[in-house]
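**Q** sequence plus the predicted model coming up.
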2 protein chains.
Amino acid sequence: MARVTIEDVALEAGLSVATVDRVLNGRAAVRPQTALRVEKAIRQLNYQPDRLAARLAKGQEYRFCFVLPEGNNSFMIGLGEEVRAIASHLVSDRVQIDLRLTDVFDAATLASTLDSIGDIYEGVAVVALDHPRVREAINGLVERGVAVVTLVSDVPSSKRVHYAGIDNSSAGRTAATLMGRFLGGKKGKVGLIAGSLSLRDHIERRFGFEQVLAQEFPHLAILPVLESRDDWQRVEKVTAEMLAAHPDLIGIYNVGAGARGIVTALENAGRQKQITYIAHELTDHTRRALVDGTIDVIINQNAGHEVRSAVRVLMAKADRTPLIEAMEHIRIDIFVRDNLP
Amino acid sequence: MARVTIEDVALEAGLSVATVDRVLNGRAAVRPQTALRVEKAIRQLNYQPDRLAARLAKGQEYRFCFVLPEGNNSFMIGLGEEVRAIASHLVSDRVQIDLRLTDVFDAATLASTLDSIGDIYEGVAVVALDHPRVREAINGLVERGVAVVTLVSDVPSSKRVHYAGIDNSSAGRTAATLMGRFLGGKKGKVGLIAGSLSLRDHIERRFGFEQVLAQEFPHLAILPVLESRDDWQRVEKVTAEMLAAHPDLIGIYNVGAGARGIVTALENAGRQKQITYIAHELTDHTRRALVDGTIDVIINQNAGHEVRSAVRVLMAKADRTPLIEAMEHIRIDIFVRDNLP
DNA sequence: TCAGCCTTGATAGACGCCTATCAGGAATTG
DNA sequence: CAATTCCTGATAGGCGTCTATCAAGGCTGA
């Protein structure tokens, strides 16, 4: 019942602790047949190395860096808070997490930030713009032996080890299905507002949305996409214009941030109740609008889960430990008024 | 930059390591003013005890027991697998998890199982029937110093430290909102099928569902609840009867298991496409039916998350460590065809 | 046959904390 | 003021693993 230690293994194999250790950590040359004896003993005793003792002995510390967008986007601010929360929680587990804010929307700036990250880090998590320059910077880190995880927004063509975020085209498709079903058989126009058409996540959401809407709900016409730069004042302006131009508008899908701009525009036009409005990300503003009934559905990604998943993956990669795949899948949250947390 | 150790604290406070340790672990009597000096030094140096070293030194092991229902309910089988998975994953972290299957639907059996659990466990997680006998058994464990977490189904009136599961009345309300919205303004009847009306989770789902449907969608009539005992053959039978009796049935909400029975009944009647069907729990069967379009929405609770959350809570309770509350909230998954994992 | 290499054993010390014990000084009591 | 009791210091040994070093054989090749 007591713990099986390295010593027990050595005894069982008729070898010394030193040799067993050599095999376990592949440090010095050991004859193949000796290694086999060790492995056999390990299997027989079902030896499980004690991670605690190992980490203590190695004096191993994890140092990770999270690179997030600067600015006042509610979601990103929340993301930063989650990073800080988990960071202070993990100090006593010998994990140190630094937070670096930068202009991730500018490829050159982001890339040089990544380039400048010293090799003091075992891993880096980054909210990444999908741009060749950024891809190269990520690959550079990976080649220097730093594990890189993309967060929220992916760069699939890079060598990052993992993407901690939702499947955005799936999110767009889900929005379309809900939009179509909520509208019943009603005919009319649907408007789509995106933050920026150079951000991969927004592109994918739009793509998924348009695909399903065109295929499953052909009676709904999609208006040309409006760009908002995730700025709620601009969102309000373009929405107001759209509302004025299309009296038969019955649905709005806001792919990016700035949801409050749409709320204001809808209220000003007095059309909150007639228009089905689907937004992304649960914030104070969107939450209130959902309860009011102005927003019908919020599609959300849980920032805390994403951050913690990124940390787990980075830790696993740092000491080549297996991870439970299913645990790292970030699900798409769907909120209606009734299941708000 | 190096780690702050107990020795540094002793130095800073002008005391010995022994005294600092006495304060930290409250072992022997220490003069209040001395304790204050230690605490001040700890704050100044921002000392964080090394959890690894502490656990190693104490030779601390966590032993937990999970009590789950026996039987062939897909969801519960999946739950058991998740327990096994996390158990084998945590062996190297000095956590041992035993799994015990019992008839949780029989209060006496479940209670005596709980009573018989020796004090070898620091914590117990149980899928609990809400019954006075069971409540007493839980309280008995708690009084013997065992941390108890209810899993999937709660016993709110007991002294359990935590409930790892979804808010079922919220799940019911969500189902109602989706049902109402999906049906647009259509008038007709909605059927409700429950596993057992003595299981708390089913009662709460029903309650939430009826509440919202009556209030928000008064044009939809709810048929009397049918009991299925979570047996799909019985589900099929009662559904077939309901379909025959009500040609104007336009919605079905299945609160419990046995979703496949409804699928078969709907197919036999050829009314899959005309009836909006909302089911619980993502399994192979429900998944297939969702893709087919027979099921319109699946409301799910993620068994893996529930199990892992239960383990985290038990660990935190075992060594009186704080936990991140928000992290332990189990969300309600809503799946349509487009966001299946 | 001897130098040199390869493989293995033995062992010490570290990682940061816990537990226990003993001794000496301080504070309290009568 | 002496006899207790109370606090504190010093130190050893352990938890399971890693790292490093030295020594002892066995083996190879010239």
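**A** Yep, that arrived.

**Q** residue of chain A with the smallest distance to chain B?
**A** The nearest approach of chain A to chain B comes at residue A:184, 2.8 Å away (CB to the nearest CB). For every residue, glycine as well, the C-beta is placed using N, CA and C.

**Q** burial count for that residue?
**A** By other CB atoms under 10 Å in any protein chain shown, 13 other residues sit near residue A:184.

**Q** which residues does it contact?
**A** B:183-186 (CB atoms under 8 Å, 6 or more residues apart in numbering or on different chains).

**Q** next: residue A:111.
**A** If a contact means CB under 8 Å, 6+ apart, then residue A:111 has A:131, A:133-134, A:136-137 as its contacts.

**Q** using the three-state scheme, assign residue A:230.
**A** With DSSP: H, G, I helix; E, B strand; the rest coil as the basis, residue A:230 sits in coil.

**Q** quick one: it from residue A:319, how far?
**A** Relative to residue A:319, residue A:230 is positioned 38 Å away (CB to CB, to the nearest Å).

**Q** ok, the two, which is more surrounded?
**A** Per other CB under 10 Å, whichever of residue A:230 and residue A:319 has more neighbours is residue A:230, with 23 against 13.

**Q** list the contacts for the more buried one?
**A** The contact partners of residue A:230, taken as CB under 8 Å, 6+ apart, are A:73, A:195-196, A:256-258.

**Q** let's see that with 10 Å instead.
**A** By CB atoms under 10 Å, 6 or more residues apart in numbering or on different chains, residue A:230 lies in contact with A:69, A:71, A:73, A:75-76, A:105, A:194-196, A:199, A:202, A:255-258, A:261.

**Q** average pLDDT for stretch A:29-37?
**A** Stretch A:29-37 shows a mean pLDDT of 87.

**Q** among the contacts of residue A:184, who's most crowded?
**A** Highest count within the contacts of residue A:184 by other CB under 10 Å belongs to residue B:183, 21 neighbours.

**Q** quick one: pLDDT of it?
**A** pLDDT recorded at residue B:183 is 96.

**Q** try residue A:238
**A** 95.

**Q** surely it is in a helix?
**A** Yes: the assignment for residue A:238 (three-state DSSP) places it in a helix.

**Q** and the nearest residue to it once chain neighbours are set aside, how many neighbours?
**A** Nearest in space to residue A:238, with sequence neighbours left out and distances taken as CB to CB, 6 or more residues apart in numbering or on different chains, is residue A:226 at 4.5 Å. Close neighbours of residue A:226, defined as other CB under 10 Å, add up to 18.

**Q** where does the prediction get shaky in chain A?
**A** Scanning chain A for pLDDT under 70 picks out A:1-2.

**Q** just the strands in it please.
**A** Counting by DSSP state E, chain A has strands at residues A:62-69, A:95-102, A:123-126, A:147-151, A:162-164, A:188-194, A:220-222, A:226-227, A:249-254, A:276-280, A:297-300, A:333-335.

**Q** mind listing the helices in chain A by residue range?
**A** Applying DSSP state H to chain A gives helices spanning A:6-13, A:17-25, A:32-45, A:51-58, A:74-90, A:107-116, A:132-143, A:168-182, A:200-216, A:232-245, A:259-269, A:284-292, A:303-318.

**Q** need those in CSV with distance to residue A:152, can you?
**A** CSV is the format used below for those (distance: least, CB to CB, whole Å):
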stretch, distance to residue A:152
helix A:6-13, 42
helix A:17-25, 37
helix A:32-45, 41
helix A:51-58, 30
helix A:74-90, 7
helix A:107-116, 13
helix A:132-143, 14
helix A:168-182, 9
helix A:200-216, 7
helix A:232-245, 19
helix A:259-269, 17
helix A:284-292, 17
helix A:303-318, 6
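
**Q** comparing those helices, which comes out most buried?
**A** helix A:168-182 (a mean of 25; mean count of other CB atoms under 10 Å in any protein chain shown).

**Q** is that one in proximity to chain B?
**A** Yes: using CB under 10 Å from any CB of the partner chain, helix A:168-182 reaches chain B at A:169-178, A:180-182.

**Q** enumerate the residues of the stretch 51-200 of chain A near chain B.
**A** Counting by CB under 10 Å from any CB, the stretch 51-200 of chain A sits next to chain B at A:51-57, A:59-61, A:82, A:85-86, A:88-94, A:96, A:166-167, A:169-178, A:180-186.

**Q** from residue A:309, how far off is residue A:170?
**A** 17 Å.

**Q** the residue nearest to residue A:238 bridge partners, please.
**A** Under the criterion DSSP bridges, residue A:226 forms beta bridges with residue A:193.

**Q** for it, give me its contacts.
**A** Per CB under 10 Å, 6+ apart, neighbours of residue A:226: A:191-194, A:234-235, A:237-239, A:241-242, A:254-255.

**Q** surely residue A:322 touches residue B:89?
**A** Yes: the pair residue A:322 / residue B:89 is scored as a contact, 8.3 Å apart, by CB atoms under 10 Å.

**Q** residues in contact with whichever residue of the stretch 51-200 of chain A sits closest to DNA strand D?
**A** Closest residue of the stretch 51-200 of chain A to DNA strand D, CB to the nearest atom of the strand: residue A:57 (2.9 Å). By CB under 10 Å, 6+ apart, the residues touching residue A:57 are A:50, B:52, B:56.

**Q** check residue A:133 too.
**A** Counting by CB under 10 Å, 6+ apart, residue A:133 has contacts A:106-112, A:114-115.

**Q** let's see it at 7 Å
**A** Contact analysis of residue A:133 by CB atoms under 7 Å, 6 or more residues apart in numbering or on different chains lists A:107-108, A:111.

**Q** and what of residue A:7?
**A** Neighbouring residues of residue A:7 by CB under 7 Å, 6+ apart: residue A:17.

**Q** next, format the helices of chain A as JSON lines and append distance to DNA strand C.
**A** Output for the helices of chain A, formatted as JSON lines (distance: least, CB to the nearest atom of the strand, whole Å):
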{"stretch": "helix A:6-13", "distance to DNA strand C": "7"}
{"stretch": "helix A:17-25", "distance to DNA strand C": "3"}
{"stretch": "helix A:32-45", "distance to DNA strand C": "3"}
{"stretch": "helix A:51-58", "distance to DNA strand C": "4"}
{"stretch": "helix A:74-90", "distance to DNA strand C": "15"}
{"stretch": "helix A:107-116", "distance to DNA strand C": "29"}
{"stretch": "helix A:132-143", "distance to DNA strand C": "28"}
{"stretch": "helix A:168-182", "distance to DNA strand C": "43"}
{"stretch": "helix A:200-216", "distance to DNA strand C": "41"}
{"stretch": "helix A:232-245", "distance to DNA strand C": "47"}
{"stretch": "helix A:259-269", "distance to DNA strand C": "46"}
{"stretch": "helix A:284-292", "distance to DNA strand C": "39"}
{"stretch": "helix A:303-318", "distance to DNA strand C": "18"}
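
**Q** so which of those helices is nearest residue B:289?
**A** Judged by CB to CB, the one of the helices of chain A that comes nearest to residue B:289 is helix A:168-182, at 15.8 Å.

**Q** show me what that closest one is packed against.
**A** In terms of contacts (3 or more CB pairs under 7 Å, 6 or more residues apart in numbering or on different chains; DSSP states H and E), helix A:168-182 is packed against helix A:200-216, strand A:249-254, strand A:276-280, strand A:297-300.

**Q** how far does stretch A:242-250 sit from its chain's centre?
**A** The chain centroid and the centroid of stretch A:242-250 are separated by 34 Å under CA atoms, centre = their mean, to the nearest Å.

**Q** same deal with stretch A:275-290?
**A** Using CA atoms, centre = their mean, the offset of stretch A:275-290 from its chain centre is 20 Å.
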